[in-house]
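Need a 3D model of the sequence below.
(one chain, ligands or ions: 1)
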Amino acid sequence: MPTTLRLTRLLLALLCLVLLGASVAAQTPAGAVAPDEAEQHLQAARDLLRAERTREAVGELRTAVSLAPEREEIAQALLEATRRPRTITILAAVSPEFRAQGNWEEAIQRRVTFANDHLRPHGITLELQDTVVWQPALEMSDGLSCVDELMDDVPRGQADVVIGFVRQEIRRPRAGETPDRRQHMVGLGPSFSGYAVICDYLLVDPTSGATTRMREPFVLETFVHEIGHLFGCVHVTGNSCMRSGGGAAPAYDYDPENAAVLDATRWVDFRRQIGCLTVPELERLAAAYEALRAVPRPDRGCEFYLACTYQCLGELERAAALYEVALDANPADAFAQLNLARIYAEQGDAERATEHFEAVIAIGQPEYLVQQAREELQALGG
Ligand SMILES: [Zn+2]
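A predicted model of the protein is given here:
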């Protein structure tokens, strides 16, 4: 029942936060500006652009913008560089179960080729660089922990992103039985993380033992959808590959609002996540998310990422208000709880900060986030 699978696709999540503080600090022009140094980075970037080494050039220009944020010429050079198309290299981490299907390499390549038809209009081309064996211990029903496991197990090396391909069997629900949505997650691509896991399900008939594969159109849609998440796209309810609900037919194209997100984040450095973006880039991203708030959406993912973006920009009150909106919809979002706690701590509101640090601890996962909350709560008390 592929339709059931489609309905169960859960929201990505929210790993983009760890580097936020550092990013704001790096971009604040704290008095001593070094124009010569900024000029050197600009010149280096121009050389790199001539040599078609855009990724490195963008890095140089981001440094230059951070050093001399008032220089229009540098901001303009960065904007122009990030308008260039980008090739994203993929390291595929493939489970033994996925490999057990004879044509697994072709199955992956088919998704990449298909996705490129829908990504190229947005200046993105995927390229399969290499494959490794990956044996996950966890199932997709463990959600984010499954992606965490991939991050722990598979270093990205020279690749831009790592995509885990796994295959699991699920029992077809009997008549009248309500399927457990959490067990049917077909993909997870935490925004800006550069890591995603895709799961092909085999539906097993509990009576006959016969298996049914996911239908190809939905397999392809899932892939395009998760790639969108990697670039910060969020769920919408309209006709878009970023919708999270069901539809009579699959959708493969990005809606105009999410396309604006892709345009703002195409040159994200997945190693540094959203923290790599400079003030003008963050402002473009905030504008894209603000536009998304005006369209019908099934969840508050947009509020969360907009909050992250404002937090990076140092607009803490706006960010806090948006985290509150996200938490109204989902109080168990440990990432939003932690970020909000940090904002209140920074604003000197120890009482509210404590409340939200304690909420993270009560949620209990992911473990590393709980650990951070404990440490920061302790520091607050001290
Ligand atoms: Zn999704």
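
Residue 279 contacts residue 310, correct?
No - under the criterion of CB atoms under 8 Å, residue 279 makes no contact with residue 310, lying 11.8 Å away. To be clear about C-beta, it is placed using only N, CA and C from the backbone, and glycine gets the same treatment.

okay, the two: which has more neighbours?
In this view residue 279 and residue 310 are compared by other CB atoms under 10 Å, and residue 310 has more residues nearby, 22 against 19.

which regions of this structure lie under the pLDDT threshold?
Along the chain, the model assigns pLDDT under 70 to residues 1-35, 141, 178-184, 245-247, 382.

could I get the helix or strand hosting residue 305 in CSV with only the CA atoms?
Assigned by DSSP states H and E, residue 305 belongs to helix 301-312. Output in CSV follows, covering the C-alpha atoms of helix 301-312 (Å, rounded to 0.1, in the frame of the first residue of the first chain):
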residue,chain,number,x,y,z
GLY,A,301,8.8,23.0,10.2
CYS,A,302,9.0,26.4,8.5
GLU,A,303,8.7,28.3,11.8
PHE,A,304,11.5,26.2,13.2
TYR,A,305,13.9,26.9,10.4
LEU,A,306,12.9,30.6,10.2
ALA,A,307,13.6,30.8,13.9
CYS,A,308,17.0,29.2,13.4
THR,A,309,17.7,31.7,10.6
TYR,A,310,16.7,34.7,12.8
GLN,A,311,18.8,33.2,15.6
CYS,A,312,21.8,33.2,13.3
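
For it, name the packing helices and strands.
Under the contact definition 3 or more CB pairs under 8 Å, 6 or more residues apart in numbering; DSSP states H and E, helix 301-312 sits against helix 20-27, helix 279-293, helix 316-329, helix 334-346.

which other residues reach the second one?
To tie it back to what came earlier, the one meant is helix 279-293. Here helix 279-293 makes contact (CB atoms under 8 Å, 6 or more residues apart in numbering) with 27, 62, 65, 69, 75, 78-79, 82, 232, 234, 236, 257-258, 260-261, 263-265, 274, 277, 302-303, 305-306, 309-310, 312-313.

Also the third one?
With contacts defined as CB under 8 Å, 6+ apart, helix 316-329 is touched by 299-301, 303-304, 306-308, 310-311, 333, 336-337, 339-340, 343-344, 346-347.

Identify each buried residue in that helix, please.
Within helix 316-329, the residues that count as buried by 16 or more other CB atoms under 10 Å are 316, 318, 319, 320, 322, 323, 325, 326, 327.

Identify the residue nearest the residue nearest the centre of the chain in space, chain neighbours excluded?
The residue lying closest to the centre of the chain (CA atoms, centre = their mean) is residue 191, at 0.8 Å. Leaving aside its chain neighbours, residue 191 sits nearest to residue 232 (4.7 Å; criterion: CB to CB, 6 or more residues apart in numbering).

again with residue 273
Once flanking residues are discounted, residue 273 sits nearest to residue 192: 4.2 Å by CB to CB, 6+ apart.

Wait, a helix at that neighbour?
No - if the criterion is DSSP: H, G, I helix; E, B strand; the rest coil, then residue 192 is coil and not within a helix.

quick one, phi psi at it?
phi 70, psi 0 (degrees, to the nearest 10).

Report the buried residues of the helix or strand residue 49 falls within.
Using DSSP H and E, the element containing residue 49 is helix 35-50. With burial defined by 16+ other CB under 10 Å, the residues of helix 35-50 counted as buried are 38, 39, 41, 42, 44, 45, 48, 49.

Contacts only, for the second one.
Contact criterion CB under 8 Å, 6+ apart gives residue 64 as the residues in contact with residue 39.

any idea how far residue 174 is from residue 211?
As judged by CB to CB, to the nearest Å, residue 211 and residue 174 stand 16 Å apart.

So for the two, which residue has more residues nearby?
Per other CB under 10 Å, whichever of residue 211 and residue 174 has more neighbours is residue 211, with 12 against 9.

right, and that one touches residue 200 too?
No - with contact defined as CB under 8 Å, residue 211 does not reach residue 200; the gap is 11.4 Å.

where along the stretch 101-250 of the chain do the helices fall?
With DSSP state H, counting those that start in this stretch as the criterion, the stretch 101-250 of the chain has helices at 104-119, 144-153, 216-230.

of all these, which gets the most neighbours per residue?
Comparing these by mean neighbour count (mean count of other CB atoms under 10 Å), helix 216-230 ranks first with a mean of 23.

relative to helix 301-312, how tilted is it?
Interaxial angle, helix 216-230 versus helix 301-312 (axes from the mean of the first three to the mean of the last three CA atoms, to 10 degrees): 20 degrees.

got the CA coordinates for the following helix or strand past helix 216-230 in CSV?
Moving toward the C-terminus from helix 216-230, the next helix or strand (DSSP H and E) is helix 256-265. Coordinates of each C-alpha in helix 256-265 appear next as CSV, following Å, rounded to 0.1, in the frame of the first residue of the first chain:
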residue,chain,number,x,y,z
PRO,A,256,8.0,28.3,-6.0
GLU,A,257,8.4,29.0,-2.3
ASN,A,258,10.6,26.0,-1.6
ALA,A,259,12.4,26.8,-4.9
ALA,A,260,13.4,30.1,-3.3
VAL,A,261,14.8,28.2,-0.3
LEU,A,262,16.8,26.0,-2.7
ASP,A,263,18.1,29.2,-4.4
ALA,A,264,19.2,30.7,-1.1
THR,A,265,20.9,27.5,0.2
